[in-house]
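Trainee: prediction below, plus the sequence it came from.
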Amino acid sequence: MNILVTGSSRGIGKAVAEYFLAKGHVVYGMDVNPTGIQHVNYTHFQSDITKELPELPEMDILINNAGVQQENDIDVNLKGTIRVTEKYAFHKGIRSVIFMASASARNGAEFPEYVASKGGILAYMKNVALRLAAYGGTANSISAGGVNTPLNAHIMNDPDKWEAVLNETLLHKWAEPEEIAAFTYFLSVENKSMTGEDLLIDNGEMLKSNFIW
């Protein structure tokens, strides 16, 4: 199948692209940065999703992963994602559209514009699911909590901050990018009946509470 992954040069997007390549799919990556992925079935477009988008063959699966934090969040995370989806998703061959939202979209616990952009992704995902049903396709989102990526290096490399964030989770850890990639593959390839839903992967951070009696 043809797979489009935005934000594919590092972190979750790179892990997703590599996971699909390992499964034998043809992957098209899109990112403002160059890529380190070298594979016969991988084609990279150094593109900004808020600007002109390249012409591509029809995609079977679209994975909206590109995003920023405290840097034109609504323009990139929400409006850019809408532009990509409207251009590539709606056709007879579409199988699935996946959106990388955030646990912050559920609890509001981050920077204001970032939270607003990711909350908008959740609402837009449901709108896409409604319209994609006419083509037999599904649309779902993944809301990850902490993930061990270069974007979070400033926390991971600070022992005090690192211990503090781990203490906010039930399992005392963050997810690996490869875990998110595996969930992405299941939702887009194996899944045939779940649509319009958001999957929370946060090591129990949202659930953690202290019961006082």
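Mentor: Thanks, I have the structure now. Residues are numbered from 1 along each chain as shown.
Trainee: give me the three-state assignment for residue 207.
Mentor: Following DSSP: H, G, I helix; E, B strand; the rest coil, the label given to residue 207 is coil.
Trainee: where do the helices sit along this structure?
Mentor: Along the chain, the segments classed as helices by DSSP state H run 11-22, 73, 81-88, 104-107, 112-132, 153-156, 159-166, 177-185.
Trainee: list the contacts of residue 174.
Mentor: 145, 146, 147, 148, 152, 165, 166, 203 (CB atoms under 8 Å, 6 or more residues apart in numbering). No exception for glycine: its C-beta is placed from N, CA and C like everyone else's.
Trainee: least confident pick among the residues you listed?
Mentor: On pLDDT alone, residue 152 ranks lowest of those, at 87.
Trainee: show me how far the helix-or-strand element of the chain with minimal mean pLDDT is from its chain's centre.
Mentor: The helix or strand of the chain with the poorest confidence is helix 153-156; it has a mean of 90 (mean pLDDT, DSSP states H and E). What separates the centre of helix 153-156 from the centre of its chain is 20 Å, taken as CA atoms, centre = their mean, to the nearest Å.
Trainee: run through the neighbouring helices and strands of that helix.
Mentor: helix 159-166 (3 or more CB pairs under 8 Å, 6 or more residues apart in numbering; DSSP states H and E).
Trainee: mind listing what's buried in the helix it packs on?
Mentor: Residues of helix 159-166 classed as buried by neighbour count (16 or more other CB atoms under 10 Å): 165, 166.
Trainee: which residues does residue 63 bridge with?
Mentor: Here residue 63 sits in beta bridges with residue 5, residue 98, going by DSSP bridges.
Trainee: next up, the contacts around it.
Mentor: With contacts taken as CB under 8 Å, 6+ apart, residue 63 has the following neighbours: 3, 4, 5, 6, 13, 16, 97, 98, 100, 184, 188.
Trainee: buried subset of these?
Mentor: Members of the contacts of residue 63 classed as buried by 16+ other CB under 10 Å are 3, 4, 5, 6, 13, 16, 97, 98, 100, 184, 188.
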